[in-house]
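Q: need coordinates for the following:
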Amino acid sequence: MEQLKLCDSDYRFMSIVWDYAPIPSGKLVKLCNEILGWKKSTTYTTIKKMSEKGYIKNENAFVMSLFGISKELIARAKKKAERQQKKAEETSSYLPNVINVQDALNETCTLNLGVGVPPTHYATLAQKTIDYYKEHFSGPVVCEFNGYMIEINLNFCQCYPQDIAAVCGYVPKKKDDSVINFSSYYAIDIGGWTVDVITFINNELDNTKCDSKPLGILPMYESIIKHVEEETGKRITKDIIGSILAGKPTLVPEGIKDFILNDVKNHIRLILGELAQFGLSFDLYPTLFIGGGSLLFRKYIDEVKDEFGLIKYEFIENPNANALGYEKLIRQTNNN
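A: Residues are numbered from 1 along each chain as shown. Model (predicted):
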C-alpha cells in the first residue's frame, strides 16, 4: 500500500473521522454538512473512496478508522525491532536472527483497546462503541497499511470519555502547584475541529458544565484563509498558517503575517468568550489546557488571559495525552 496521501478535502474529512470514529454514517453526514458544508452525496462518495483505499471501514452504518490503530501498531513494532537490533549488535549475535518490523507486527497485534468518545456524547455512544468493536473484531481483521500486513485481534475493549483520559494520565512537572490539586477545575481540549470542555466539581465530573463547540484549529484556518483573501487578495494555505504559528520561516510579507496572527489572537478570544458565555468562571476556577491546539495557541492564551480573568492555568505538554490516558486506564481495568 502507498504511503498515506490525502488531498485537502480528504484530509478535512479524515480529521472528522479521526475525532469521532466509530460513528454512525448518518451522524458523519450531519457533521460534514455542519463543518464542511458538504451535501449528503459528497460525504457518502468520500466514505466509499476512503474505504476502498483502506483508510476506514464502513460496515453496518458505522465508520471506523483503521489509521490510528495501524499507525500505533507499526510504531511499536519498529521500536521492538530496533531494540532487538541494538541488543544483537551489542552482544555480537547473529544478525539474521533479529526480527524485522513485519515479524514484530505478527507478534504484537493482539489488542487490549482503550478508545474514547467526546464527553458530551459519552452517555449515548460509549456502549455502542464497545459493542461495535466487539462485533467487528470478533475475528481477526486483516489490513495493509504503508506496506505492512497487519492482522488485528481484539482481546478486550473499553470506552472512556475523551479529555478525562488525558487528565487521568497527566503527571504535572510541579506536583505541589498543579491545577489537578484543586478539587474543582476546568479541562479544555482544543482539537482539530472542536473545542471540548469538561468541569470537575469536588473531584466529580459535572455533566451540566461539559460542552463541545466547533471552534478548533481547522475551522480557524478556514476563517483566516477567507479573511486574508478578502482583505489582501492573497490565497494562503493551512500549512503556511501552521508555519507562522510555529515560528518557522515563510515568504509571507510581514504585514500579512501580522494580520494572520491578529486573527489567531481573535480566535482565542472567541473560544474563551464562548466558554465564558456557557458559564465558565475563569476567575474562580483554574484551567487545564489539553491537546495539540492548546500548545499551538499557548502564546496567544498568555496574551489575552487578563481579558477573561484567566488566573490559574497550565498545559498538558504531550499532544498524545488522551491516547496515553486510554492506555493507563485500560491497564488499570485489566488489573482489577
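Q: going by C-alpha atoms from here, please, whenever you check contacts or count neighbours.
A: OK.
Q: shaky segments in the stretch 101-250 of the chain?
A: 108 (pLDDT under 70).
Q: domains in this structure, by residue range?
A: Split into domains by automatic domain parsing, the chain comes to 8-68+107-161, 164-323.
Q: hey, where'd the helices end up in the stretch 101-250 of the chain?
A: Per DSSP state H, counting those that start in this stretch, the stretch 101-250 of the chain carries helices over the ranges 101-108, 122-136, 164-168, 217-232, 238-245.
Q: before we move on, back to that, closest to residue 78 out of the domains of the chain?
A: Distance to residue 78, taken as C-alpha to C-alpha, is lowest for domain 8-68+107-161 among these, at 10.9 Å.
Q: check the offset of the closest one from the chain's centre.
A: 13 Å (C-alpha atoms, centre = their mean, to the nearest Å).
Q: circling back to that earlier point, of all the helices of the stretch 101-250 of the chain, which lies closest to residue 151?
A: The nearest among the helices of the stretch 101-250 of the chain, by C-alpha to C-alpha, is helix 101-108 at 7.2 Å.
Q: contacts for that closest one?
A: Applying C-alpha atoms under 8 Å, 6 or more residues apart in numbering, the contact partners of helix 101-108 are 73-74, 77-78, 80-81, 148-151.
Q: buried ones from these, can you make that a ChimeraX selection?
A: In ChimeraX, a selection of the buried entries from the contacts of helix 101-108 looks like this (16 or more other C-alpha atoms under 10 Å):
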select :73,74,77,78,80,81,149,150,151
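Q: show me which of the contacts of helix 101-108 is closest to residue 191.
A: Taking the contacts of helix 101-108 together and measuring to residue 191 by C-alpha to C-alpha, the closest member is residue 73, at 23.2 Å.
Q: in which helix or strand does that closest one reside?
A: Using DSSP states H and E, residue 73 sits within helix 67-91.
Q: for that helix, give the mean pLDDT please.
A: Taken as a whole, helix 67-91 has an average pLDDT of 80.
Q: among the helices of the stretch 101-250 of the chain, which is the most enclosed?
A: Among the helices of the stretch 101-250 of the chain, helix 164-168 has the highest mean neighbour count (mean count of other C-alpha atoms under 10 Å), at a mean of 21.
Q: okay, buried residues for stretch 293-311 please.
A: For stretch 293-311, by 16+ other C-alpha under 10 Å, it's 293-295, 297, 300-301, 304-305, 310.
Q: just those residues: which are in helices?
A: 293-295, 300-301, 304 (DSSP state H).
Q: residue 200 is nearest to which of the helices of the stretch 101-250 of the chain?
A: With C-alpha to C-alpha as the measure, helix 164-168 is the member of the helices of the stretch 101-250 of the chain nearest residue 200 (9.8 Å).
Q: what are the pairing partners of the top strand by length along the chain, and which direction each?
A: Longest strand in the chain, counting residues (DSSP state E): strand 148-161. Using DSSP bridges, strand 148-161 pairs in its sheet with strand 110-117 (parallel), strand 141-145 (antiparallel).
Q: of all those, which one is nearest residue 241?
A: Checked against C-alpha to C-alpha, the stretch from these lying closest is strand 110-117, at 28.6 Å.
Q: between that closest one and helix 122-136, how many degrees?
A: 150 degrees (axes from the mean of the first three to the mean of the last three C-alpha atoms, to 10 degrees).
Q: show me the strands in the stretch 201-336 of the chain, by range?
A: 204-205, 211-213, 287-290, 313-315 (DSSP state E, counting those that start in this stretch).
Q: what about the third one, distance to the chain center?
A: Spelled out, it's strand 287-290. For strand 287-290, the distance to the chain centre is 15 Å (C-alpha atoms, centre = their mean).
Q: quick one: average pLDDT of that strand?
A: Rounded mean pLDDT across strand 287-290 is 93.
Q: give the pairing partners of it; include direction for each.
A: strand 185-190 (parallel), strand 313-315 (parallel).
Q: could you export the longest strand of the chain as PDB, CA atoms only?
A: The C-alpha atoms that make up strand 148-161 are tabulated as PDB, following Å, rounded to 0.1, in the frame of the first residue of the first chain:
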ATOM      1  CA  TYR A 148       2.800  -3.700   6.200                       C
ATOM      2  CA  MET A 149       0.300  -6.500   6.500                       C
ATOM      3  CA  ILE A 150      -1.500  -6.300   9.900                       C
ATOM      4  CA  GLU A 151      -3.800  -8.800  11.500                       C
ATOM      5  CA  ILE A 152      -5.600  -7.300  14.400                       C
ATOM      6  CA  ASN A 153      -7.100  -9.500  17.100                       C
ATOM      7  CA  LEU A 154      -9.200  -7.800  19.800                       C
ATOM      8  CA  ASN A 155      -8.900  -9.300  23.300                       C
ATOM      9  CA  PHE A 156     -10.600  -6.600  25.300                       C
ATOM     10  CA  CYS A 157     -12.200  -3.100  24.700                       C
ATOM     11  CA  GLN A 158     -13.300  -0.300  27.000                       C
ATOM     12  CA  CYS A 159     -14.500   3.200  26.200                       C
ATOM     13  CA  TYR A 160     -13.700   6.300  28.100                       C
ATOM     14  CA  PRO A 161     -14.700  10.000  27.800                       C
END
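Q: quick one: residues in contact with it.
A: Outside of strand 148-161, the residues within contact range by C-alpha under 8 Å, 6+ apart are 1, 70, 102, 105-106, 109-119, 122, 126-127, 129-130, 133-134, 137-144, 326, 330.
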